[in-house]
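turn this into a model:
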Amino acid sequence: MVASKAQQAATAERRGKAIRMKIEGHTYTEIAEQLGYSSRGSASSDVRRALEKHVIEEGLAVEAWRELELARLDILQKAIWPEAMEGNPRAIETALKILDRRAKLLGLDSAIKLEVLTIDALDQQIQRLEAELERIDLAALDGETGEAEAAEGPPG
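Next up is the predicted model:
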């Protein structure tokens, strides 16, 4: 059954109050008692649902805003591109700024971690791993020897 607009508004208001109370440091028991939830768990669930909905809506709003900004950059780039391609230094500078802004919006400029391994570093890593395997094999052999001695019983 679909809730009426008045009931939806009342639920939204109660959720808003519950979130504010939680932010202020109230327990879910206090929130339930003060706002008329049937239990601590229902207050907790309601706050969680409201926060999840908010995160989803915020994410959608940010994505829509990003798309709008990208469309604006497309329009600006289209307007300046012919002059930039003709070699106009100011147009080139402007086009580069537009391209840079687009790259930032799309996260293309995020840091890239490169790890350069030399042959010496690889050899050291191989030696370290071989030594570790040897220790593991020795420990396993010691364990087997100890088990065999325990199975035979005490000497004597």
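
who are the packing partners of the longest helix anywhere in the chain?
Counting residues, the longest helix found in the chain (DSSP state H) is helix 40-85. Counting contacts by 3 or more C-beta pairs under 8 Å, 6 or more residues apart in numbering; DSSP states H and E, helix 40-85 is packed against helix 5-23, helix 28-35, helix 89-106. Placement of C-beta: from N, CA and C, glycine included.

quick one: the closest residue to residue 17 other than its chain neighbours from residue 55, how far?
Counting by C-beta to C-beta, 6 or more residues apart in numbering, residue 17 lies nearest to residue 35, which is 5.9 Å off, once chain neighbours are set aside. Counting by C-beta to C-beta, to the nearest Å, the separation of residue 35 from residue 55 is 22 Å.

in terms of neighbours, single out the busier of the two.
Between residue 35 and residue 55, counted using other C-beta atoms under 10 Å, residue 35 has the larger neighbour count: 16 against 10.

was I right to think the more buried one contacts residue 14?
Yes - counting by C-beta atoms under 8 Å, residue 35 does reach residue 14; the two are 5.5 Å apart.

model confidence for residue 48, exactly?
As predicted, residue 48 sits at a pLDDT of 86.

and the gap between it and residue 135?
For residue 48, the distance to residue 135 (C-beta to C-beta) stands at 48 Å.

for residue 83, same thing?
Computed as C-beta to C-beta, the residue 83 to residue 135 distance reads 68 Å.

please apply the same query to residue 56.
Taking C-beta to C-beta, one finds residue 56 at 51 Å from residue 135.

pLDDT score assigned to residue 110?
Looking at residue 110, its pLDDT is 73.

and for residue 94?
With respect to pLDDT, residue 94 scores 97.
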